[in-house]
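Student: Sequence and predicted structure are below.
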Amino acid sequence: MKRPDYCSFWDRSAKRTAAFSVQLEAMTEAYMAWSLNQRGASRRGFFDSDERRTREEHQRCDGVDTKLLSTLIVIPSLVRHGLIPCSPITPKVTVTVHALELYHNTRQRCPQLSIQAYVKSLCDMHGVPFHNHRSRQFSIALDVYLQILALVSNLVRQALQCDQPDWRLKHCCPACTYKLQDEPAMRFKMLFAQDGNDSLKRVATRVLDGNLDDTGPQAATLPTSDYTLHHEQYLTPEFVETFASDRQTGHSIVDEDGDGNLCAERWKNMKDSVTQKMWSVFDETGAFIAVCRHGFCLLIADMVQSGEQSKYALAVTSKLLDAFGSDLGGGYDIGCRFKTTLASSTLGEQVRSLNYTSLVNAFHGHAHNRLCQLDNLTTYVEGLGLEDLEGCEHAFSKSNSLAPSTRYASIFHRRQAIACYFEHNDEMEVYANLTKFLLNNYKQALDLLSNGQATLERLMCELGVSDPETFKLWLDEERVYLNSLLHEPVEETLQMEYWQRLVNLAGSRKNLETVLSTWTVITPGNAASIRSDGGITRKAETKRRHAQENYEKDLKAVQELEGRLGITRRWVPEDEEWQAAARLVANWKYQQALDNVKRLVVSRIFELSKMNQSGTGYKLRKHIGKALQTRSAAIRAALLQYNAAAKALGRRALEFDEVVEYAFLADFDLLRDTRQDVSTRPWASPTARLAMNMFFKLCRAEEEVVRLNVEIRRIVTYIVDEDRYLRSCEALYRDTHPALAHQISRYHSIRSRFTSLHLCSLEKISHLPGFSGTLIPGISLSRGWGDSASVPSRVPIESVLSCPSACTDNGEEDVDEDVDEDLRTALEERCEALEHILSVTTDA
């Protein structure tokens, strides 16, 4: 009869995790021994029912009379045979390391692959029926396997002297961080992008009492291991919360006051007013990441029950400033607004002293206000090169495939999946394509320089411009002009307000005269009803009193403005001042309507232009224009308002298709109809604007070549130094720790598997016409612990490698009855640690 089980799922998980944790070091050592002996060994099946092997391992433990002690020997012995148990005590089912390795690697390439689908496939291959408990068993074994890999990784890093705090962050991208001697000075020492994404949400699962898991203590943490839960790429919630001030807590960065920023109200997709409805459904509402310009993931932070608050961007910026120091450039889709937030935060002084620059991504920058573009658009930022700062969008486009498998996962498994994905993506995708990225950028820069220079010279001849520096002056003039439009002149504003008050006064006077001239005629027919119904008289009296009050209020306002303007005689419609003020008011209404049309149309069409969906052909422009016309009722309403204001000034009306064409041509000639006629300015013509854009693109292309030459030499030097360093480290441990040396060799094979691809791309770069760099390795400035240019030295490995073995290398041999005294003592100490774990669920 089966004993009733009164333990909850939480209790069983906690006990199982505690039991595995005690044996994890021995399992890690066993895994490394198995890995060392794998060359030439035949592979077992993916699933192996190991009851016979378990009985044999129990029989080997006759010299030690305790069940727990035998368990401590059985589990590592299974791992030494390439089997990961699903239970820490008396395992009946194991999963082969090859099956776990295959799933782990396949899932990184195809994140949609679930455990259940994979286990069902294995069952089909082995001709056994699928049961739900097999998926649970595989999940337990996978967690143990990943924690073993994490321990092995820690040992390798310790042997390579790469275990200092933030070592990975400071060395994640060789093109960005591997600095050499005699490099040319660049304005930005490192470029990165940061952004939030709401695809990787996690549904708040329910617990036994029916409450959401974010309301009870059970959901705050899960029984996990510290080896993988606290990943080095992840920022802890405690660190993020240190940047949540009273002003920022509970408010999105785009909910904060505009502070005069013209783009503050343009970004609404992550406002808390939009996302607050999801809080009762989701716990983690997304992920906030930072990537370097080459695509390596720098940092990750979970957005917990909130929108894209400023605390996440502040935490990421603070961490990067501490790691890399001065002269950083950070791209953010609301970088212009974030610049204001940084200045007023606790990081303000550090940002100013380290010369940090907040930038705007190229894609989103085309939807920002034109005045904001002049300061932040990538085309106009000196030292930025051709970088578009859209690395986060590229990363999210791939990581979004993780969403289905993490939406209903636990807190631990969601974070584990995200961390493993980005780590694998850095090693197998970003690093593999690093030199290809440099090759493509070099080609783009050289093509732009070769073709653009001739175009610029032709445009300069048409404009009669001899000095290219004139385009910088024109850009400054445009900035001054747009700044002058931010605020109306005070005198004109008062005159327009005075004219409007006079119009209001004339209307209220006319209304009062109408009321006073209205008489109630009493005839013999209605005299009786008027006498009996006093309401008619009271309504008439109330109407007269209201008209009198409105007239007096308007008269008082007119008198106050006359005193401020120093007007001694009240204006009348025949006066020249009246007519001039009327024109100002009409022009002001026209400008407001124009700004509304521009805001609704240009911001959207510029994004389409950036996506290469516009400007490619007449039919495509018409197709997008029709789709935009169907969806944008707001644009049509704004056009009606604009046409009404234009008619009042005697200007022609506009049709929807015409406005779309203006936006597609990217010069929006409506600007020439503003209060200041800019059509006479030399920088306002379409030819001049085309020449300006070409000039600044050529400037950025020259900067890109300089940066690429630096990064190419860094990569060449890194490949040479890294190969030499890893070979030396492997040789250091080959005699004393062969299992560790083998793991270093595997790590070396991962790092060097793409060397041939890099060398091929570098050779192509060197053959490009116009290549001005060098492929001769340089001398690295970084020669500290763990740096590839340093001289490796043997370090004491005090982890699992120094622990006595729980069983012999050959699991088929019996244990000698005279067990070594030191081994017996070590095993008894482990038994004492397991005495409180007496009831652990076994596999179904």
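Tutor: Here it is on my side, so go on. Numbering: from 1, shown residues only.
Student: Next, the contact list for the spatially most central residue of the chain, please.
Tutor: Centroid check for the chain by Cα atoms, centre = their mean gives D195 as the closest residue, at 2.8 Å. Going by Cβ atoms under 8 Å, 6 or more residues apart in numbering, D195 touches 288-289, 332-333, 361, 392-393, 396. C-beta here means a position set from N, CA and C on the backbone, and glycine is covered the same way.
Student: SS state for the spatially most distant residue from the centre of the chain?
Tutor: No residue in the chain sits farther from the centre than P524, which is 84.0 Å out by Cα atoms, centre = their mean. Under DSSP: H, G, I helix; E, B strand; the rest coil, the three-state class of P524 is coil.
Student: so L389 is in which element?
Tutor: For L389, there is no helix or strand it lies in under DSSP states H and E.
Student: Might one say that it is in contact with A362?
Tutor: Yes. Assessed by Cβ atoms under 8 Å, L389 is found in contact with A362 at 6.4 Å.
Student: got any residues that touch both of those two?
Tutor: With Cβ under 8 Å, 6+ apart as the test, L389 and A362 both reach T378.
Student: Point out where the stretch 1-150 of the chain drops to low pLDDT.
Tutor: The model of the stretch 1-150 of the chain has pLDDT under 70 over residues 1-3, 5-6, 39-73.
Student: for it, what spans make up the strands?
Tutor: All strands of the stretch 1-150 of the chain, identified by DSSP state E, counting those that start in this stretch, fall at 47-49, 83-85, 93-96.
Student: could those strands go into CSV alongside mean neighbour count and distance to R636?
Tutor: Below are the strands of the stretch 1-150 of the chain laid out as CSV (neighbours: other Cβ atoms under 10 Å; distance: least, Cβ to Cβ, whole Å):
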stretch, mean neighbour count, distance to R636
strand 47-49, 16, 64
strand 83-85, 25, 64
strand 93-96, 24, 62
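Student: Now distance to Y590 too, for those strands, in CSV please.
Tutor: As requested, these are arranged in CSV below (distance: least, Cβ to Cβ, whole Å):
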stretch, distance to Y590
strand 47-49, 76
strand 83-85, 74
strand 93-96, 73
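Student: With D721 as the reference, name the closest of those strands.
Tutor: Closest to D721 of those is strand 83-85 (Cβ to Cβ; 36.3 Å).
Student: how much distance is there from the closest one to the middle of the chain?
Tutor: Offset of strand 83-85 from its chain centre (Cα atoms, centre = their mean, to the nearest Å): 37 Å.
Student: thinking again about what came up before, doesn't the residue nearest to the centre of the chain lie inside a strand?
Tutor: Yes. D195: assigned to a strand according to three-state DSSP.
Student: quick one: pLDDT of it?
Tutor: Per-residue pLDDT puts D195 at 92.
Student: picking that back up, could you tell me which of the contacts of D195 belong to helices?
Tutor: 392-393, 396 (DSSP state H).
Student: Okay, now the unreliable bits of the stretch 151-300 of the chain?
Tutor: For the stretch 151-300 of the chain, the ranges with pLDDT under 70 are 205-230, 245-280.
Student: tell me the average confidence for the helix of greatest length in the chain?
Tutor: Taking DSSP H as the criterion, the chain has its longest helix at helix 686-733. Mean pLDDT, computed over helix 686-733, is 92.
Student: Report the distance from it to the chain centre.
Tutor: On Cα atoms, centre = their mean, the centre of helix 686-733 falls 23 Å from that of its chain.
Student: elements contacting the helix or strand just after it?
Tutor: Using DSSP H and E, the next helix or strand after helix 686-733 towards the C-terminus is helix 738-752. Helix 738-752 is packed against helix 9-36, helix 132-159, helix 686-733, with contacts defined by 3 or more Cβ pairs under 8 Å, 6 or more residues apart in numbering; DSSP states H and E.
Student: Any chance of a markdown table for those helices, columns distance to E491?
Tutor: Output for the helices and strands packed on helix 738-752, formatted as a markdown table (distance: least, Cβ to Cβ, whole Å):
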| stretch | distance to E491 |
| --- | --- |
| helix 9-36 | 73 |
| helix 132-159 | 70 |
| helix 686-733 | 32 |
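Student: okay if I get those as TSV plus mean neighbour count?
Tutor: Formatted as TSV, the helices and strands packed on helix 738-752 follow (neighbours: other Cβ atoms under 10 Å):
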stretch	mean neighbour count
helix 9-36	20
helix 132-159	20
helix 686-733	20
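Student: which stretch among those comes nearest T90?
Tutor: Of all the helices and strands packed on helix 738-752, helix 9-36 sits nearest to T90, with 10.9 Å by Cβ to Cβ.
Student: what's that closest one packed up against?
Tutor: Partner elements for helix 9-36 (3+ Cβ pairs under 8 Å, 6+ apart): helix 67-80, helix 132-159, helix 738-752, helix 821-833.
Student: Switch these over to a markdown table; also include distance to L555.
Tutor: As requested, those are arranged in a markdown table below (distance: least, Cβ to Cβ, whole Å):
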| stretch | distance to L555 |
| --- | --- |
| helix 67-80 | 94 |
| helix 132-159 | 81 |
| helix 738-752 | 84 |
| helix 821-833 | 91 |
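Student: Tell me if I'm right that L446 and V705 touch.
Tutor: Yes. Look at L446 against V705 with Cβ under 8 Å: they come within range, at 7.4 Å.
Student: G330 against T317, yeah?
Tutor: Yes. Counting by Cβ under 8 Å, G330 does reach T317; the two are 6.2 Å apart.
Student: Need the overlap of contacts for those two.
Tutor: Taking Cβ under 8 Å, 6+ apart as the criterion, G330 and T317 both touch 194, 356.
Student: number of nearby residues for G784?
Tutor: 11 (other Cβ atoms under 10 Å).
Student: Please apply the same query to P777.
Tutor: P777: 16 neighbours (other Cβ under 10 Å).
Student: Could you find the closest non-adjacent residue to K319?
Tutor: L299 (5.9 Å; Cβ to Cβ, 6 or more residues apart in numbering).
Student: secondary structure class for the one you found?
Tutor: L299 is classified as strand under three-state DSSP.
Student: beta partners of it?
Tutor: Counting by DSSP bridges, L299 is bridged to A290.
Student: Spit out the contact partners of it.
Tutor: L299 neighbours (Cβ under 8 Å, 6+ apart): 169, 233-235, 289-290, 316, 319-320.
Student: ok, which pair from these is furthest apart?
Tutor: Among these, Y234 and L320 lie farthest apart (Cβ to Cβ), at 14.5 Å.
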